[in-house]
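Undergrad: Coordinates for the following, if possible.
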Amino acid sequence: MNERIPDATGTSGGCPVAHGSADVTRLYGPEAATDPVGIYERLRKEHGSVAPVLLEGDVPAWLVLGYRDNRRVLDNPRQFSRDARIWRDRLDGRVEETSPLIPMLGWRPDCVSQDGEPHRRLRGAVNDGLQAAAARGVRRHATHFANKQIDAFAGTGRADLVADYADHLPMLVLTRILGLAEGEGRRLVESCAQVLMGGAEALAHNERIVEILGALAERKHGEPGSDFTTALLEHRAGLDMEEVVSHLRLVLIAAHTTTSNLLARVLQRVLTDVSRLSGLVSGQLTVSAVVEEVMWDSPPLAVMPGRFATADLELGGCPVKEGDLLVLGLAAGNLDPEVRPDAAVSVQGNQSHLAFSAGPHECPGQSIGLAVIEIAVDVLLHRLPGVRLAVSPGELTSTASTWESRLDGLPVEFPV
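TA: Sure, this is the predicted structure:
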């Protein structure tokens, strides 16, 4: 298959820099950790809607920057598969089993690693389990744990809403959904973060997650309950134990890291903009409207792994070869000037952002994550009237990995 696809700028694009060049941009390291948006915009100017990049270990990939090209990749699994078993660099031995990319890009027996009928079978089990979980009181769990987290610092007049609140609340809700003990959930917060951060510790933390979830699945096999784990074990799709554990891992990492990151960014937006804060307090603005803005401007996953070309083709003027890895620039796509020429224009009411991905693999748990965030913000503003930033907005910093940019802290103060 040789198909010419125009790039997002409407030109023939072109990729003058090959992956083997010393000039290829790395999506890891000091610059990527501090200015990922600057990298995306520089790559867009140099290459158009698709750019050659290097991931950890100098593993080559194509970063999709254009909104339309992102949608093309996400909507067409026959051309761009999620199945890492066709990843050419892995097959050729250029990606070791010990690579920190494996937890994010390696094949597993879960629904995001497969397409077609295997995907539909496994995705059906996940959808049914999450729908049942949503009907069993997610908002009640979120309210309980939001108050519990706030109780720990409400009497001090100060808090860091990242470390003390956003980092833990989604995981605590997930413990109820999955059937984990609360203490196990708190232990898993760091491990989930490390898997996305990459580096030398990513594999060890991934193994820790699998070990804890494997024990949970074995426990629920003998002692079923009203939880997502039991729902997977008993589903008519007949998942084996490895498939169950793989999906527990998938939901845990994806739901926790994206929801905690999005919650932190929503709180940042509210506390650095007096009009939004007063609008929420007065009821003239809804939390969901602020969430929508943040999903356009700062999606919780800036870059999403990954797709693999099923044949030679051209994308954005770049010669993508069969087995090549593509990573999806969700943050860059949302800021594509072709679809959003003025980033300052309001996006309220426009839900066509890429924050939840798109196509057959679109996030199945987005309604649960949004419910947790809405409750978290409402409870916080109710419990801590007068809450305000303890530093100037310009002092807030973020640290990025290949996949996400996380707020380092959100120090606040409030009357006691």
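
Undergrad: which residues touch A237?
TA: By CB atoms under 8 Å, 6 or more residues apart in numbering, A237 lies in contact with 121-122, 124-125. All C-beta atoms are positioned from the backbone trio N, CA, C, and that covers glycine.

Undergrad: Which of those fall within helices?
TA: Of the positions in the contacts of A237, 121-122, 124-125 sit in helices, assigned by DSSP state H.

Undergrad: quick one on the thing from earlier: of the contacts of A237 - the most surrounded one?
TA: Neighbour count (other CB atoms under 10 Å) singles out L122 as the most crowded of the contacts of A237, with 24 neighbours.

Undergrad: Let me know the distance separating it from R82.
TA: Applying CB to CB, to the nearest Å, one obtains 12 Å for the distance of L122 from R82.

Undergrad: who touches both of these two?
TA: Contact with both L122 and R82 is made by residues Q114, according to CB under 8 Å, 6+ apart.

Undergrad: pLDDT below threshold where in this protein?
TA: Low-confidence regions of the chain, defined by pLDDT under 70, span residues 1-22.

Undergrad: go with 80
TA: Residues of the chain that meet the criterion pLDDT under 80 lie in 1-23, 344, 346, 348-349.

Undergrad: middle-most residue in it, spatially?
TA: The residue at the geometric middle of the chain, judged as the C-alpha nearest the mean C-alpha position with CA atoms, centre = their mean, is L301 (3.6 Å).

Undergrad: Could you tell me whether that one really is in a strand?
TA: No - secondary structure assignment (DSSP: H, G, I helix; E, B strand; the rest coil) places L301 in coil, not in a strand.

Undergrad: Check the contact between it and A255; I expect there is one.
TA: No - between L301 and A255 there is no contact, the gap being 11.9 Å when judged by CB atoms under 8 Å.

Undergrad: Now do the contacts for R85.
TA: For R85, the contacting residues are W107, taking CB under 8 Å, 6+ apart as the criterion.

Undergrad: so how far is E41 from it?
TA: According to CB to CB, R85 stands 34 Å off from E41.

Undergrad: Now do the contacts for the residue nearest to the centre of the chain.
TA: Taking CB under 8 Å, 6+ apart as the definition, contacts of L301 comprise 258, 261, 330, 355, 403-404.

Undergrad: swap the cut-off to 10 Å and go again
TA: Neighbouring residues of L301 by CB atoms under 10 Å, 6 or more residues apart in numbering: 196, 254, 257-258, 261-262, 328, 330-331, 354-357, 363, 403-405.

Undergrad: What separation is there between it and N334?
TA: Distance, L301 to N334, using CB to CB: 11 Å.

Undergrad: Now A204: which helix or strand?
TA: Assigned by DSSP states H and E, A204 falls within helix 202-222.

Undergrad: can you dump the C-alpha coordinates of that helix into CSV?
TA: These are the backbone C-alpha positions of helix 202-222, laid out as CSV (Å, rounded to 0.1, in the frame of the first residue of the first chain):
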residue,chain,number,x,y,z
ALA,A,202,9.9,2.0,35.1
LEU,A,203,10.2,-1.8,34.7
ALA,A,204,10.6,-2.5,38.4
HIS,A,205,7.5,-0.4,39.2
ASN,A,206,5.5,-2.1,36.4
GLU,A,207,6.4,-5.5,37.9
ARG,A,208,5.2,-4.3,41.3
ILE,A,209,1.9,-3.2,39.9
VAL,A,210,1.4,-6.6,38.2
GLU,A,211,2.3,-8.5,41.4
ILE,A,212,-0.2,-6.6,43.5
LEU,A,213,-3.0,-6.9,40.8
GLY,A,214,-2.2,-10.6,40.3
ALA,A,215,-2.7,-11.2,44.0
LEU,A,216,-6.0,-9.2,43.8
ALA,A,217,-7.2,-11.3,40.9
GLU,A,218,-6.4,-14.6,42.7
ARG,A,219,-8.2,-13.3,45.8
LYS,A,220,-11.3,-12.3,43.9
HIS,A,221,-11.3,-15.6,42.1
GLY,A,222,-12.0,-17.3,45.5
